[in-house]
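> need a 3D model of the following:
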Amino acid sequence: MTEQAGFALRGRNPDVLTCIANLSNDEVFTPPAFANRMLDTVAVAWAASHNGANLWADKTVRFLDPCTKSGVFLREITSRLTSGLANEIPDLEKRVNHILTKQVFGIGITHLTSLLARRSVYCSKHANGQHSIAKSFTNDSGNIWFERIEHTWANGKCTFCGASQAAMDRGEALETHAYAFIHTDNIKTRMSELFGGNMQFDVIIGNPPYQLNDGGYGTSAAPIYQLFVEQAKALESRYLSMVIPARWFAGGKGLDEFREAMLADNRLRSIADYLSAADVFPGVGLKGGVCYFLWNRDHPGLCDVSTHFKDWPVSTASRLLLEKGADVFIRFNEGLSILKKVASVETGESESLLLPEGKRFDRLVSSRKPFALETTFKGKATKHAGDVLVYQNGGMSYTPRKEITTGTELIDKWKLYVGRAAPGTGNRDTYPHRILSTPFIGEPGSICSETYLCIGPFETQNEAESALSYITCRLTRLLILLHKPSQDTTRKVYTFVPTQEWNRKWTDDELYAKYGITESEIAFIEKIVRPMDLANDLFENVSVVEENE
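Predicted coordinates:
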């Protein structure tokens with residue numbers, strides 16, 4: 001074996017792939033330590049289903065990274081196989097050549113990343129180059145394929161990935177971001193075209209691109225990582241592991257079908273959930289956390305769910321992904337226990353999380369634009385006869401009552417207003433946080449723009465104050481968090497929240513007692529949900545306009 005090959009396969013400090021792991025928010029590079037954590041998970045699962053066999057000592061196993069960037073997964077796999085196959089193939093040069101030509105495959109997502117990946121794996125950007133540690137390739141690419149392909153446009157969007165033609169149809173000088181793995185109707189045929197023969201992979205692992213511009217209003221991007229997962233499943237490898245944003249747990253833009261399919265798939269055997277993406281990808285501004293999962297084709301069962309956040313103890317439970325009566329994945333193991341207690345008290349049974357129709361708080365919550373006023377609506381600064389008060393983005397104003405034709409039954413009732421999304425709340429990756437922007441009471445004769453949701457109606461001010469006290473309780477806001485995939489707070493996030501009697505000022509102590517919440521569960525709630533100070537926080541995002549008759 002040459003000195004060049006030996007250098008490529010021994011540990012180096014610093015590791016260049018660690019140094020570049022946090023360079024981009026668009027194409028997030030995987031740190032080597034995290035890639036190895038994922039590979040450890042695959043190896044443990046392999047041993048469990050193969051009578052303790054060592055995955056890295058099997059010269060027949062094939063690996064694919066279908067979205068390689070830095071080449072870190074392929075490099076670490078190669079390193080592990082090089083050690084594991086030492087007895088099977090004693091000659092180092094032959095061993096490495098066998099691994100690189102027969103076992104390790106990748107698909108670059110751009111021209112640049114394909115060169116980087118080849119440099120990481122072959123020690124040369126040319127697989128058949130003078131300095132390559134692989135000695136049998138007859139082409140530059142080796143087993144790390146990349147060629148420019150084009151989107152398939154129809155009505156301004158790509159039929160495969162949904163990318164915007166206006167944004168991505170930009171000439172040969174720039175990357176198309178038409179990723180080969182997801183731009184095909186037959187992924188098995190595509191693999192044969194790329195690598196030749198009947199390419200059956202045992203392990204597929206990687207970190208796919210997360211989103212592409214979809215041509216929507218402003219800076220609009222649609223998720224695409226789910227397309228990589230779906231294509232990888234279609235290849236029917238034994239094991240599949242990918243690191244993806246965690247927002248799919250509760251759906252989101254274009255993710256509802258993907259979420260439903262994932263949660264119904266009992267081959268999804270483990271999910272490692274990281275509440276803060278910064279704990280995985282330092283310096284990358286990705287909100288909502290990330291997760292990596294292990295899909296095991298031949299061994300279905302319960303899913304091992306672990307929650308990771310900074311220096312908190314790791315929470316792990318083996319459980320169903322989709323509980324009866326729920327339409328989302330319950331992210332926190334402790335949260336699921338609390339939710340089951342609440343549902344049990346309200347339903348009288350312990351099996352379903354679905355609240356009875358008459359007990360559902362979400363029925364009091366309006367849809368978007370409760371009075372058909374856009375977020376950009378700006379009323380008059382001066383009140384005239386026949387006007388109603390409008391709570392709008394940035395303050396208050398007035399508009400003629402006769403111009404309001406939607407939600408008229410709410411105008412003269414007491415209600416609550418709560419922001420759909422407010423700075424400093426929502427999906428911030430720090431804990432504890434408030435979950436909601438600060439709610440406030442809406443008096444009779446008032447309405448709101450799309451900036452707020454309307455909760456009600458209530459017959460009296462005392463009832464409205466009771467409901468206000470309830471939704472500021474930590475337990476209530478935890479139940480909201482369990483159904484909240486993003487900063488946007490819609491009616492749907494109140495699905496798990498039961499109604500109460502609106503005849504008192506509610507406190508957490510009363511709610512804890514009602515639902516049998518234990519001391520350890522209280523400690524968890526207080527670790528996740530910050531207290532809400534109505535006196536100091538009220539109107540934090542609303543500028544008051546002087547009223548003039």
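> CA atoms for contacts and neighbours, from now on please.
Fine.
> element containing Phe137?
If you go by DSSP states H and E, Phe137 is not part of any helix or strand.
> who does the strand or helix carrying Thr476 touch, helix- and strand-wise?
Assigned by DSSP H and E, Thr476 falls within helix 474-481. Judged by 3 or more CA pairs under 8 Å, 6 or more residues apart in numbering; DSSP states H and E, the packing partners of helix 474-481 are helix 508-515, helix 519-528.
> need the contact partners of it.
335, 339, 434-436, 470-471, 493-497, 508, 511-512, 525-526, 528-531 (CA atoms under 8 Å, 6 or more residues apart in numbering).
> next, format the helices and strands packed on helix 474-481 as JSON lines and append mean neighbour count.
Below are the helices and strands packed on helix 474-481 laid out as JSON lines (neighbours: other CA atoms under 10 Å):
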{"stretch": "helix 508-515", "mean neighbour count": "14"}
{"stretch": "helix 519-528", "mean neighbour count": "15"}
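> what subset of the contacts of helix 474-481 is buried?
335, 339, 434-436, 470-471, 493-497, 508, 511-512, 525-526, 528-530 (16 or more other CA atoms under 10 Å).
> out of the helices and strands packed on helix 474-481, which comes closest to Thr138?
Closest approach to Thr138 among those (CA to CA): helix 519-528, 56.3 Å.
> for the closest one, give the mean pLDDT please.
Mean pLDDT, helix 519-528: 96.
> from the contact counts, what lies against that helix?
Partner elements for helix 519-528 (3+ CA pairs under 8 Å, 6+ apart): helix 333-347, helix 474-481.
> winner for burial among those?
helix 474-481 (a mean of 23; mean count of other CA atoms under 10 Å).
> make sure Leu39 is indeed in a helix.
Yes - applying DSSP: H, G, I helix; E, B strand; the rest coil, one finds Leu39 inside a helix.
> distance of it relative to Ala385?
Separation of Leu39 from Ala385 (CA to CA, to the nearest Å) stands at 70 Å.
> what's the answer for Gly142, then?
For Gly142, the distance to Ala385 - CA to CA - is 78 Å.
> bridged to Val104, which residues?
Taking DSSP bridges as the rule, Val104 bridges to Phe63.
> which SS class is Ala467?
Three-state assignment for Ala467 (three-state DSSP): helix.
> the stretch 301-450 of the chain: strands as residue ranges?
Ranges of strands within the stretch 301-450 of the chain are 303-308, 315-319, 387-392, 395-400, 414-419, 440-442, 446-448, based on DSSP state E, counting those that start in this stretch.
> most packed of these?
Stretch with highest mean neighbour count among these: strand 446-448 (a mean of 26; mean count of other CA under 10 Å).
> that one packs against which elements?
Checking 3+ CA pairs under 8 Å, 6+ apart, strand 446-448 ends up next to strand 387-392, helix 408-411.
> which stretch among those comes nearest Arg190?
strand 387-392 (52.5 Å).
> hmm, back to that, can I get the helices and strands packed on helix 474-481 in a markdown table including distance to Cys291?
Converted to a markdown table, the helices and strands packed on helix 474-481 look like this (distance: least, CA to CA, whole Å):
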| stretch | distance to Cys291 |
| --- | --- |
| helix 508-515 | 31 |
| helix 519-528 | 19 |
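> how about those helices, which one is nearest Thr375?
Within the helices and strands packed on helix 474-481, the stretch nearest Thr375 is helix 519-528; the backing value is 29.9 Å (CA to CA).
> contacts for the closest one?
Outside helix 519-528, the residues within contact range by CA under 8 Å, 6+ apart are 334, 338, 431-433, 474-475, 478, 512.
> could I get those residues as a markdown table with distance to Gly395 and pLDDT?
A markdown table is the format used below for the contacts of helix 519-528 (distance: CA to CA, whole Å; pLDDT from 0 to 100):
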| residue | distance to Gly395 | pLDDT |
| --- | --- | --- |
| Glu334 | 39 | 94 |
| Ile338 | 37 | 96 |
| Tyr431 | 29 | 86 |
| Pro432 | 28 | 90 |
| His433 | 24 | 87 |
| Arg474 | 27 | 97 |
| Leu475 | 30 | 98 |
| Leu478 | 28 | 96 |
| Tyr512 | 36 | 98 |
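> closest to Ile99 out of those residues?
Among those, Glu334 lies closest to Ile99 (CA to CA), at 43.6 Å.
> could you check how far that closest one is from Asp508?
Taken as CA to CA, the span from Glu334 to Asp508 is 17 Å.
> ok, now Val61?
With distances taken as CA to CA, Val61 is found 55 Å from Asp508.
> likewise for Glu403?
41 Å.
> nearest to Glu459, out of the strands of the stretch 301-450 of the chain?
Among those, strand 414-419 sits nearest to Glu459 (CA to CA), with 6.2 Å.
> what average pLDDT does that closest one get?
The average pLDDT within strand 414-419 is 96.
> pull the residues that contact it.
With CA under 8 Å, 6+ apart as the test, strand 414-419 has contacts from 436-444, 448, 451-461, 464, 468, 489.
> strand partners of it, parallel vs antiparallel please.
strand 440-442 (antiparallel), strand 452-458 (antiparallel).
> tell me which of these sits nearest to Glu374.
Going through these one by one, with CA to CA as the measure, strand 452-458 comes closest at 10.2 Å.
> how about the contacts made by Thr316?
Contacts of Thr316 (CA under 8 Å, 6+ apart): 304-307, 333.
> state the pLDDT value of it.
What the model reports as pLDDT for Thr316 is 96.
> what's the separation between it and Ala272?
In terms of CA to CA, Thr316 sits 9 Å off from Ala272.
> pull up the overlap in contacts between the two.
Counting by CA under 8 Å, 6+ apart, the contacts common to Thr316 and Ala272 are 305-307.
> for those, which one is nearest Asn296?
Val305 (14.7 Å).
> check contacts around the closest one.
Contact analysis of Val305 by CA under 8 Å, 6+ apart lists 270-273, 315-319, 333.
> could you redo the last one with a cut-off of 7 Å?
Neighbour list for Val305: 270-272, 316-318 [criterion: CA atoms under 7 Å, 6 or more residues apart in numbering].
> now the residue nearest to it when sequence neighbours are not counted, what are its backbone angles?
Among residues not flanking Val305 along the chain, Ile271 sits closest, at 4.9 Å (CA to CA, 6 or more residues apart in numbering). Main-chain torsions, Ile271, degrees, to the nearest 10: phi -130, psi 120.
> measure Thr82 to Val104 for me?
Taken as CA to CA, the span from Thr82 to Val104 is 12 Å.
> any idea which element Glu88 lies in?
Here Glu88 is assigned to no helix or strand, by DSSP H and E.
> let me know the distance separating it from Ile435.
Taking CA to CA, one finds Glu88 at 56 Å from Ile435.
> go on, Lys492?
14 Å.
> same question for Thr472.
With distances taken as CA to CA, Thr472 is found 10 Å from Ile435.
> try Ile77
The value you get for Ile77 to Ile435, if CA to CA is used, is 41 Å.
> ok, now Glu323?
For Glu323, the distance to Ile435 - CA to CA - is 23 Å.
> swap in Val365?
16 Å.
> so where's this structure uncertain?
Within the chain, the stretches with pLDDT under 70 are 1-27, 214-220, 422-429, 485, 535-549.
> first to last residue in stretch 79-94, what's the distance?
14 Å.
> how far off centre is it?
38 Å (CA atoms, centre = their mean, to the nearest Å).
> pull out the buried positions in that stretch.
So for stretch 79-94, counting by 16+ other CA under 10 Å, buried means 79-82, 84-85, 89, 92-93.
> that older thread, how about JSON lines for the strands paired with strand 414-419, with distance to Ser520 added?
Shown next, in JSON lines, are those (distance: least, CA to CA, whole Å):
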{"stretch": "strand 440-442", "distance to Ser520": "31"}
{"stretch": "strand 452-458", "distance to Ser520": "32"}
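> for Arg504, which of these is the nearest?
Arg504 lies closest to strand 452-458 among the strands paired with strand 414-419, at 13.6 Å (CA to CA).
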